[in-house]
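dropping a prediction and its sequence here:
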Amino acid sequence: MSVATMRRAARESVSGLPRAFWWLWASTLVNRLGAFVATFMTLYLTLDRGYSASFAGLVVALHGLGGVMSSLVAGVMTDRLGRRPTMLAANVSTSLSVALLGFMEHPAAIAAVALLVGMASNASRPAVSAMMADIVRPEDRVRAFALNYWAINLGFAVSATAAGFVAEYSYLAGFLGEAALTLLCAVLVFVKLPESRPVKDAAGEAAAGPEIGLGSVLRDGRFMGVVGLSFLISLIFTQGSVGLPVAMGAAGFTPGDYGLVVAVNGLLIVVLQIPVTRFIEHRDPQKLLVVSALLAGYGFAMTAFAGPLWAYAATVVLWTLAEIVNSPTQMGLVARLSPVHGRGRYQGMYTMSWAVAALVAPLMAGFVIDRLGAAWLWGATGVLGTVAALGYWLLMRGLPEGGPGTVTAGSAGTAAAVRPVAASAEA
C-alpha cells in the first residue's frame, strides 16, 4: 500500500464528522490520559499502604459498585438536565473525589471515597454516548463510536505507561495528576461543547409520544435483550484482566509476562481499530455481532490449550479482534434502538450492563478457578460466546434499517418538531 493510499484511507476515516464530535473525542482522550486509580488501586493499597489483598479486593469492588449505582441516575440526568451539565458534574466530582482519595488514611474512609470515585467516574458515560448519537449522522455512528473507543484505548495505553513511572515516585502524584486532567476535561466540555439534547416544541409533544421513563426502557424487550447480551460479552472480555492473570500466575508466569501478553490487546486496538472499522462500517451488524461473539468466546476458550507465552499472546489476538468489531457495532445498535428523548436512560441502562459485569466477573473467575480449575473458566467463556451469538442472531431478525433513534424520510414531521438545544452542535 502506497503512502498516498494510506493518507487517503486515513482522511476518509475522519472526514465528514461534525466539529463538536472532535471536541467530544478530545475530552475523552484527555479523560483517559488521566486514568490512574482504576489501574493502580490494588497495587497502591497492597504495596504502598500495606493492606491485605482481601481489603484491596473489597475497595475495588466498591469502586465497581459505585459505577453500577450511578449508571441509571446519570442516564436520567442526561435526559432531564442535558448532556453537557451531566458531563460537567461527573468530571468535576471525579476530580475532587480522586484528589480526596489520595489523602485518605483510615480504611473506612478509603473504602467510602473509592465508592464515590466509582460513582463519579462512571456518570459521564451515558452523557457522552447520548451526545455522540445526537450530533453524528446515523450512517456515521459506527465510525464515530470506533474513533471514540480508539481514543479511550490510546489514552489508557499512554496513561498506564506514564502512571507506572509516576507510581514509583509517588502514588499521591498519580492521584493528583488524574484529578488535574479530569478537571481539564471539564474545562474542555464547558468551553467547547454546546448542549445537544433535543427539545420538543408544542407540535413535537404529540409527534414524539409520551415521556420516556426507566419503566419504558425496561419494557423494551429487544433493547433489554441487547443489554443482557452486552452483559454476557462483558463477562467474557473482563476475564482478560481478571481470569487471565490468575491463570497465568498459576501456570508459573510472572507479572511481567502477563504485562507483555495483555499489552498485545492495547497495541492491536490502537493499530487496527480505524482500518478494521472502515472495513466493517457498512456491513450487516447482525453478522458482525454474531461473529464477534463467537470469536470472543472461543478466543478466550483457546487459553485452556495455551502453553508457551506466545500461545497466550495468540489467544489475545483473537479476542482483541472480536473487541475491535463488537464495541463500535454494539454501541451503534444501542444508539439505533434508543428513542431520541430517551437516549440518556437507554445509554445508562447499557452502561450498567458493563458495570455489573465488572462486579460479577471477578467473583465468577475466582469461584470457577478455585473450585474447578482455569480450564473450566475458559470453557465457560466459549459457552457464553455461543449463547451471545445465538442471542444476537435471534434479536436482530427483522430489525428495520431505521430505529427509534434514527430519523428517516418517512418521519419528516417528527424531525421538524424535534430540534437540538444548540444548532452549533451539529455544525
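Yep, it's here. Residues are numbered from 1 along each chain as shown.

quick one: low-confidence ranges for the stretch 51-200 of the chain?
Applying pLDDT under 70 to the predicted model, the residue ranges of the stretch 51-200 of the chain that meet it are 53, 160, 164, 200.

can you map out the strands along it?
198-200 (DSSP state E, counting those that start in this stretch).

show me where it has helices.
In order along the chain, the stretch 51-200 of the chain carries the following helices (DSSP state H, counting those that start in this stretch): 53-80, 83-101, 107-122, 124-135, 141-169, 171-192.

and the shortest one, what does it pack onto?
For helix 124-135, the helices and strands in contact under the criterion 3 or more Cβ pairs under 8 Å, 6 or more residues apart in numbering; DSSP states H and E are helix 19-33, helix 53-80, helix 83-101, helix 141-169, helix 309-337, helix 343-371. Bear in mind the C-beta positions are built from the backbone N, C-alpha and C, glycine included.

need these in TSV with mean neighbour count, can you?
Conversion of those to TSV gives the following (neighbours: other Cβ atoms under 10 Å):
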stretch	mean neighbour count
helix 19-33	21
helix 53-80	20
helix 83-101	23
helix 141-169	19
helix 309-337	22
helix 343-371	21
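
can I get the ones you listed in a markdown table with distance to residue 185?
Rendered in a markdown table, the data for the helices and strands packed on helix 124-135 read as follows (distance: least, Cβ to Cβ, whole Å):
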| stretch | distance to residue 185 |
| --- | --- |
| helix 19-33 | 5 |
| helix 53-80 | 16 |
| helix 83-101 | 5 |
| helix 141-169 | 11 |
| helix 309-337 | 20 |
| helix 343-371 | 18 |
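
quick check: which of those is nearest to residue 228?
Taking Cβ to Cβ, helix 343-371 is the member of these nearest to residue 228, at 7.5 Å.

ok, then the element right after that closest one?
Elements were assigned by DSSP states H and E; along the chain past helix 343-371, the next helix or strand is helix 374-395.

now do that following helix and helix 343-371, the angle between them.
For helix 374-395 against helix 343-371, the angle between stretch directions is 150 degrees (axes from the mean of the first three to the mean of the last three Cα atoms, to 10 degrees).

closest to residue 316 out of the helices of the stretch 51-200 of the chain?
Closest of those to residue 316 is helix 141-169, at 13.8 Å (criterion: Cβ to Cβ).

and the closest one, what other elements does it pack with?
Packed against helix 141-169 by the contact rule (3+ Cβ pairs under 8 Å, 6+ apart) you find helix 3-14, helix 19-33, helix 37-43, helix 124-135, helix 171-192, helix 255-280, helix 309-337.

and the helices of the stretch 51-200 of the chain: which comes nearest residue 238?
When the helices of the stretch 51-200 of the chain are compared for distance to residue 238 using Cβ to Cβ, the nearest one is helix 53-80, at 10.2 Å.

out of the helices and strands packed on helix 124-135, which is closest to residue 197?
Among these, helix 83-101 comes nearest to residue 197, with 5.6 Å by Cβ to Cβ.

still on that earlier bit, which of the helices and strands packed on helix 124-135 sits closest to residue 298?
The minimum distance between residue 298 and the helices and strands packed on helix 124-135 falls on helix 309-337, with 7.4 Å, by Cβ to Cβ.

quick one: distance of the closest one to the chain centre.
If you compare the mean C-alpha spot of helix 309-337 with that of the full chain, they lie 12 Å apart, counting by Cα atoms, centre = their mean, to the nearest Å.

what helices or strands is that helix leaning on?
Counting contacts by 3+ Cβ pairs under 8 Å, 6+ apart, helix 309-337 packs against helix 124-135, helix 141-169, helix 221-238, helix 255-280, helix 285-301, helix 343-371.

want to throw the ones you listed into TSV with distance to residue 309?
Formatted as TSV, the helices and strands packed on helix 309-337 follow (distance: least, Cβ to Cβ, whole Å):
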stretch	distance to residue 309
helix 124-135	34
helix 141-169	20
helix 221-238	21
helix 255-280	6
helix 285-301	17
helix 343-371	20
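
out of those helices, which gets nearest to residue 115?
Each of the helices and strands packed on helix 309-337 was scored for nearness to residue 115 using Cβ to Cβ, and the closest is helix 343-371 (12.5 Å).

and the closest one, what does it pack against?
Applying 3+ Cβ pairs under 8 Å, 6+ apart, one finds that helix 343-371 makes contact with helix 53-80, helix 124-135, helix 214-219, helix 221-238, helix 243-250, helix 309-337, helix 374-395.

give me the angle between that helix and helix 107-122.
130 degrees.

now helix 343-371 against helix 221-238, angle please.
Taking the same axes, to 10 degrees, helix 343-371 and helix 221-238 form an angle of 40 degrees between their directions.

pull the distance from helix 343-371 to the chain's centre.
What separates the centre of helix 343-371 from the centre of its chain is 12 Å, taken as Cα atoms, centre = their mean.

what mean pLDDT does it have?
Helix 343-371 shows an average pLDDT of 85 in the prediction.

got the angle between that helix and helix 124-135?
140 degrees.

dump the helices and strands packed on helix 141-169 into TSV; add distance to residue 386 as well.
Formatted as TSV, the helices and strands packed on helix 141-169 follow (distance: least, Cβ to Cβ, whole Å):
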stretch	distance to residue 386
helix 3-14	33
helix 19-33	32
helix 37-43	30
helix 124-135	28
helix 171-192	39
helix 255-280	21
helix 309-337	13
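
which of those helices has the lowest mean pLDDT?
Mean pLDDT is lowest for helix 3-14 out of those, coming in at a mean of 61.
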